[in-house]
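Peer 1: The following comprises the amino acid sequence and a computationally predicted model.
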Amino acid sequence: MTEAVCENSEVTVLLVDDNPQNLKVLYETLKDKGYRLLIANEGEKALDLAHRHQPEVILLDIMMPEMDGYEVCQRLKADPQTADCAVVFLSALDDLQAKVRGFNLGGADYISKPFQSQEVIARVKTHARVIRLERELQARNRELQGDQARILNSISEGIYGLDENGVIEFANPAAGQIAGVPVDELIGRNFFDTHFATASDTPAGLPVQMTCRQGQVEGQRDIRMLRMDGSGFPAEYRATPKLDDDELHGAVVVFRDITAELESERELQEARELVQEQRDQIAHTSRLTTMGEMAAGFAHEVNQPLTAITNYARVAKRMMGKESPDLSLLQETLDKIEAQSHRASEIIRRIRRFMKKPATGKEVLSVPALLEDTRQFAEVDMRNNEGGIEVTVDENLPEVLADPIQVQQVALNLIRNALEATRSADSWVPVEVTARLAGNSCVRVEVRDHGVGLPEDAEEKLFHPFYTTKDEGMGIGLATCRSLIQAQGGEIGFERPDDGGARFFFTLPVAGAEGEPCKASKSAQEH
Amino acid sequence: MTDIQQTVYVVEDDEAVRDSLELLLKSDGKPVKTYESANAFLKDYSDKMAGCIVLDIRMPGMDGMELQKKLNEKHSILPIIFVTGHGDVPMAVDAMKEGAVDFIQKPYREEALLEKIEAALEQDLEQRKTLDEKQEIIRRINSLTPREHEIMDRMIAGQANKVIAIELEISQRTVEIHRSRVMHKMGTHSLAHLVRMVLSVKDLID
């Protein structure tokens, strides 16, 4: 009489009665209703079946020999495996006291004998559904808790749950790993004492305190935390208050060891600095190369004042050799000598400044002054019979923020290229250098020549290293120019004017301009 | 023979160099005239000029080499001293091939420059003397009648009086008369001297 009767049913119902007749009636009533039916004719058997099958509903007779229904119910509720079963008492005892006792023992319902089969079916159905849902809910809850635990366990950041005094109530495995001890050794310890050397001296100033005490969200990067063994590590943390209906219950701290992160940041920084250094180096080499190419021009340029000085000095000597020297004429000659030595030192100063290494860094610059200086520079190198260089600058051009030497290097490079292109074309049209405001906060400098123009594949290659259209060029110039202008936050590029020649341009951000004013709109023209 | 005033013509674009050189040469007692460009000099140039040119090889506009070519086209005999920079030696060599007398590198010592100027002026004087002589010869040649000129050409070619008489279908006596007139007009008694004189101005006549 303990057989499972209906194998496939989802819901299990246990029928318990010492009276075989009653059992039969109940069985008949509930069979074919889709339940798996179990039957027991005494308390012990009922408990055993219930423990093994965990039925949703138990129809339990109260009046039984050996063990009565109350005791069975009590023991069912005491067993965690069966505690959630819905116990529906069956008894002829239709008095209030009996019912109350049954409910007190954890009974879910009560059916009076003689029972109506409709009532039995309805009540079993109801309770079966309730238990079913409850069990599903519990299973779901367990699942969620499992997920949560898995998430907390697998997350690489350390997580602490702290009470308002900073005592660790919860720690995930990563927290233990970072602290260097098993998680259970962390529980109950004080977060501040554990992780901060200065906890005893200045507890109020410690990270996370504000969150524990006042419920403020807070976080810091690169602070020093201690491991259990006393060694330190750089950490980043974020603390959020644990609130329960606006009541503060401590804090949740998410933290991690950022040693490796800082290391890679440092490496990245180093790599950036190396790139910068190499760019400066290349720029410097390129300036030296330019100076080398211009050496004859400079020698000539310096020799002019030196020649004049020598001549004047000799004239002065002659004057002094006379019996009554004309002192005012002598004074005039000496003044001329002085002026010429200033002229020579100015040329040398300009060369030295241009050759300086590394470049001086960004400063606020006047573009017209810089272009004029560059023009004088470039003219040193001009051959005879050239149209020269014409500089036209818009009035009220704002100052720019850039490295003066590197900008001059670019301008000089473009102007010298333009002169060379002009020369190659046997043209006498001057190289036009212009500067104007482009947009609101960007100065655009253009160098236009009427020379031989640019080869067809220039778009792809012109600014690439080692590409050159010149017989003696190395192909470094324009590539360097591009990297220099980009370092100023500007753009560089070229255009082919309709009437021939070439127009190179570069842009520089106006001093004090926000963001990257020279990007975007102009970039389409850059190749 | 000549008392033309020799002048040092300075062609130099750099104002300070030009001014200082002018003062220097003047303090040395030399007449100086300065020009700030090759064009300015060319405009002023005449074959009456005597002396020498101190010419900067590197100038904007027309450079020194070009001015030299233009002056050569004008049969100028003014000696040129080129003033060059450090890297201009190849240019200076070309200039020498074109007939420049010398070059000097900036910055120069005064003595060196004055020495070169002296030498150039000397050369100018020599050339001018020779030129005067030649011009005298040409003047004399021009004073010959066509017939006398014809006879002289045959004399220089080495033809005997008899041959000249037959070829020109005149009497030998007539040839002799013409011949003595040629010798007289040319101011010589020796045929060898006549030949030398005529050959020396050959390039000027043609």
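Peer 2: Yes, it's here.

Peer 1: I'd say A:Ile282 and A:Cys481 touch.
Peer 2: No: the criterion here is C-beta atoms under 8 Å, and A:Ile282 misses it with A:Cys481 at 10.9 Å. C-beta here means a position set from N, CA and C on the backbone, and glycine is covered the same way.

Peer 1: of those two, who's got more company?
Peer 2: More neighbours surround A:Cys481 than the other of A:Ile282 and A:Cys481, with 24 against 16 (other C-beta atoms under 10 Å in any protein chain shown).

Peer 1: wait, doesn't the more buried one sit right on A:Ile492?
Peer 2: Yes: under the criterion of C-beta under 8 Å, A:Cys481 makes contact with A:Ile492 at 5.9 Å.

Peer 1: joint contacts of these two?
Peer 2: Counting by C-beta atoms under 8 Å, 6 or more residues apart in numbering or on different chains, the residues touching both A:Cys481 and A:Ile492 are A:410, A:463, A:506.

Peer 1: ok, the residue of chain B positioned farthest from its centre - contacts?
Peer 2: Largest separation from the mean C-alpha position in chain B: B:Ser171, at 42.4 Å (C-alpha atoms, centre = their mean). Residues in contact with B:Ser171 (C-beta under 8 Å, 6+ apart) are B:Ala165.

Peer 1: so what's it scoring on pLDDT?
Peer 2: On pLDDT, B:Ser171 comes in at 92.

Peer 1: State the distance from A:Pro368 to A:Asn417.
Peer 2: Plainly put, A:Pro368 is 21 Å away from A:Asn417 if you go by C-beta to C-beta, to the nearest Å.

Peer 1: So which bits of the helix or strand that A:Phe377 is a member of are buried?
Peer 2: Assessed by DSSP states H and E, A:Phe377 sits inside helix A:367-379. For helix A:367-379, the neighbour count (16 or more other C-beta atoms under 10 Å in any protein chain shown) marks A:367-368, A:370-371, A:373-375, A:377-379 as buried.

Peer 1: What of stretch A:30-48?
Peer 2: Of the residues in stretch A:30-48, A:30, A:35-43, A:45-47 count as buried by neighbour count, 16+ other C-beta under 10 Å.

Peer 1: If we only consider these, which is nearest to chain B?
Peer 2: Nearest to chain B, judged by C-beta to the nearest C-beta, of these is A:Arg36 at 111.0 Å.

Peer 1: Wait, a strand at that closest one?
Peer 2: Yes: A:Arg36 sits within a strand when classified using DSSP: H, G, I helix; E, B strand; the rest coil.

Peer 1: doesn't A:Leu14 make contact with it?
Peer 2: No: if you go by C-beta under 8 Å, A:Arg36 and A:Leu14 don't touch, sitting 9.5 Å apart.

Peer 1: any common contacting residues for the two?
Peer 2: Residues touching both A:Arg36 and A:Leu14 by C-beta under 8 Å, 6+ apart: A:His53.

Peer 1: And stretch A:167-181, end to end?
Peer 2: 16 Å (C-alpha to C-alpha, to the nearest Å).

Peer 1: Over to residue 32: give its phi and psi.
Peer 2: Using chain A. phi 60, psi 10 (degrees, to the nearest 10).

Peer 1: that's the other chain; I wanted chain B
Peer 2: Residue torsions, per degrees, to the nearest 10, at B:Val32 are phi -130, psi 140.

Peer 1: quick check: domain ranges of the chain?
Peer 2: Went with chain A since none was named. A:11-149, A:155-257, A:359-525 (automatic domain parsing).

Peer 1: you looked at the wrong chain, it should be chain B
Peer 2: Taken from automatic domain parsing, chain B resolves into B:7-128, B:143-205.

Peer 1: Indicate which one of the ones you listed is closest to A:Gly166.
Peer 2: domain B:7-128 (80.2 Å; C-beta to C-beta).

Peer 1: The closest one: end-to-end distance?
Peer 2: End-to-end distance of domain B:7-128 (C-alpha to C-alpha): 14 Å.

Peer 1: Was I right to think B:Ile104 contacts B:Leu113?
Peer 2: Yes: using C-beta under 8 Å, B:Ile104 makes contact with B:Leu113 at a distance of 5.8 Å.

Peer 1: between the two, who's got more neighbours?
Peer 2: The residue with more neighbours, out of B:Ile104 and B:Leu113, is B:Leu113; 23 against 18, by other C-beta under 10 Å.

Peer 1: so what's that one up against?
Peer 2: B:54, B:81, B:104.

Peer 1: what do you get for B:Lys162?
Peer 2: B:Gln172.

Peer 1: what do you get for A:Leu437?
Peer 2: Neighbour list for A:Leu437: A:394, A:397-398, A:443-444, A:510 [criterion: C-beta under 8 Å, 6+ apart].

Peer 1: Which stretches in chain B count as helices?
Peer 2: All helices of chain B, identified by DSSP state H, fall at B:15-27, B:38-44, B:64-73, B:89-97, B:110-142, B:146-156, B:161-168, B:172-185, B:191-200, B:202-205.

Peer 1: Return the most buried member of these.
Peer 2: helix B:15-27 (a mean of 21; mean count of other C-beta atoms under 10 Å in any protein chain shown).

Peer 1: would CSV of the contacts of A:Leu437 with secondary structure and neighbour count be doable?
Peer 2: Formatted as CSV, those follow (DSSP: H, G, I helix; E, B strand; the rest coil; neighbours: other C-beta atoms under 10 Å in any protein chain shown):
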residue, secondary structure, neighbour count
A:Asp394, coil, 14
A:Leu397, coil, 15
A:Pro398, coil, 17
A:Val443, strand, 28
A:Arg444, strand, 20
A:Val510, strand, 22
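
Peer 1: want to throw those residues into TSV with distance to A:Arg135 and pLDDT?
Peer 2: Putting the contacts of A:Leu437 into TSV (distance: C-beta to C-beta, whole Å; pLDDT from 0 to 100) gives the following:
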residue	distance to A:Arg135	pLDDT
A:Asp394	83	90
A:Leu397	81	90
A:Pro398	77	92
A:Val443	76	93
A:Arg444	76	94
A:Val510	73	91
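
Peer 1: which neighbours do B:Ile104 and B:Leu113 share?
Peer 2: B:Ile81.

Peer 1: hang on, the earlier thing: which elements pack onto the helix holding A:Phe377?
Peer 2: Packed against helix A:367-379 by the contact rule (3 or more C-beta pairs under 8 Å, 6 or more residues apart in numbering or on different chains; DSSP states H and E) you find helix A:327-355, strand A:389-393, helix A:404-424, strand A:431-437, strand A:442-449.

Peer 1: Give me the pLDDT for the residue most central in space within chain B.
Peer 2: Central residue of chain B (C-alpha atoms, centre = their mean): B:Ile77, 3.3 Å from the mean position. Confidence at B:Ile77, expressed as pLDDT, is 86.

Peer 1: A:Ala359 too?
Peer 2: pLDDT, A:Ala359: 58.

Peer 1: do A:Ile131 as well
Peer 2: 87.

Peer 1: Flag the helix or strand of the chain with the lowest per-element mean pLDDT.
Peer 2: Here I'm looking at chain A. Sorting the helices and strands of chain A by mean pLDDT, DSSP states H and E puts helix A:458-461 at the bottom, at a mean of 70.

Peer 1: Actually, chain B is the one I wanted.
Peer 2: Lowest mean confidence among the helices and strands of chain B (mean pLDDT, DSSP H and E): helix B:202-205, at a mean of 70.

Peer 1: residues in contact with B:Glu148?
Peer 2: B:178, B:181-182, B:185.

Peer 1: for the residue of the stretch 401-527 of chain A found nearest chain B, helix, strand, or coil?
Peer 2: As assessed by C-beta to the nearest C-beta, chain B sits closest to A:Trp428 within the stretch 401-527 of chain A, at 10.7 Å. Secondary structure state of A:Trp428, per three-state DSSP, is coil.
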